[in-house]
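> Please work out how this folds:
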Amino acid sequence: MADLRRIHTGGRQLQTLIGEYFDDEKFFQQRDLHRLYHELRTPVNQIIGYSELLQELAEEQGLQAAIADLRKIHEAAGNWLALMEAYLIESGSPSAEPTAANAAGAQGQSLALNTGLGFQVPEPRSAGAAFTDQGAILVVDDDETNRDMLARRLRRYGYTVSVASSGVQAL
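Numbers count the residues shown, from 1 in each chain. This is a model prediction of the structure:
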């Protein structure tokens, strides 16, 4: 339930930001593109990440009805992210050009995209399969929800995860 609430909260945050940034009166005003990119992308990544986590849990528990709904949520968020990156973010902003990695993120390989590090995480194993230690990863993000979602995901793949909320804390 907590993860479903996080998906819902991400959707509400995104809805508010869309209203704020794309209101008819404000749309053509000067804006900080880096901030726009970050603020719009953060809730979408939360929706994508938590829907992936919940899909895996639902598959392990055989909850087919939930899986279908979670896939729809995941697909809608991925499509929105791809459209935002392709059409809304102007040239010169971070990742303004659609890339193969961004397209892959919209097709369900968003973990590597969300990390920003370009590494590939192994595919999930079947339910109940034991994971061997894959190594240690430090997750650094100023958003607690992003840290939580990514750390949980990486732990499910067998990584030892440490988290930090800032570069200073990471050092």
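> switch to C-alpha atoms for all contacts and neighbour counts from now on
Fine.
> check contacts around the residue nearest to Gly135 when sequence neighbours are not counted.
Spatial nearest neighbour of Gly135, excluding adjacent residues (CA to CA, 6 or more residues apart in numbering): Tyr159 at 5.3 Å. Listed by CA atoms under 8 Å, 6 or more residues apart in numbering, the contact set of Tyr159 reads Asp133, Gln134, Gly135, Ala136, Ile137.
> and the gap between the spatially most central residue of the chain and Glu60?
The chain has Asn45 as the residue nearest its centroid, 2.3 Å off, counting by CA atoms, centre = their mean. Going from Asn45 to Glu60 by CA to CA, to the nearest Å gives 23 Å.
> Likewise for Ala68?
Going from Ala68 to Glu60 by CA to CA gives 14 Å.
> tell me what the host helix or strand of the residue nearest to the centre of the chain is packed against?
Per DSSP states H and E, Asn45 falls inside helix 33-61. Counting contacts by 3 or more CA pairs under 8 Å, 6 or more residues apart in numbering; DSSP states H and E, helix 33-61 packs against helix 2-21, helix 64-83, helix 110-115, helix 144-156.
> I'd like those as a markdown table, with distance to Ala170 appended.
Formatted as a markdown table, those follow (distance: least, CA to CA, whole Å):
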| stretch | distance to Ala170 |
| --- | --- |
| helix 2-21 | 25 |
| helix 64-83 | 28 |
| helix 110-115 | 15 |
| helix 144-156 | 12 |
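> Can you lay out those helices as TSV showing distance to Leu40, mean pLDDT and mean neighbour count?
As requested, these are exported to TSV (distance: least, CA to CA, whole Å; pLDDT from 0 to 100; neighbours: other CA atoms under 10 Å):
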stretch	distance to Leu40	mean pLDDT	mean neighbour count
helix 2-21	6	90	15
helix 64-83	9	91	17
helix 110-115	13	36	18
helix 144-156	14	86	18
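> Looking at these, which is nearest to Arg31?
Each of the helices and strands packed on helix 33-61 has some distance to Arg31 by CA to CA; the shortest is helix 2-21, at 8.8 Å.
> Show me how far the closest one is from its chain's centre.
Computed by CA atoms, centre = their mean, to the nearest Å, the chain-centroid distance of helix 2-21 equals 13 Å.
> Which other helices and strands does it contact?
Applying 3+ CA pairs under 8 Å, 6+ apart, we find helix 2-21 packed against helix 33-61.
> May I have the secondary structure class of the residue of the chain most remote from its centre?
Ranked by distance from the centre of the chain (CA atoms, centre = their mean), the top residue is Glu25, with 29.7 Å. Here Glu25 is recorded as coil under DSSP: H, G, I helix; E, B strand; the rest coil.
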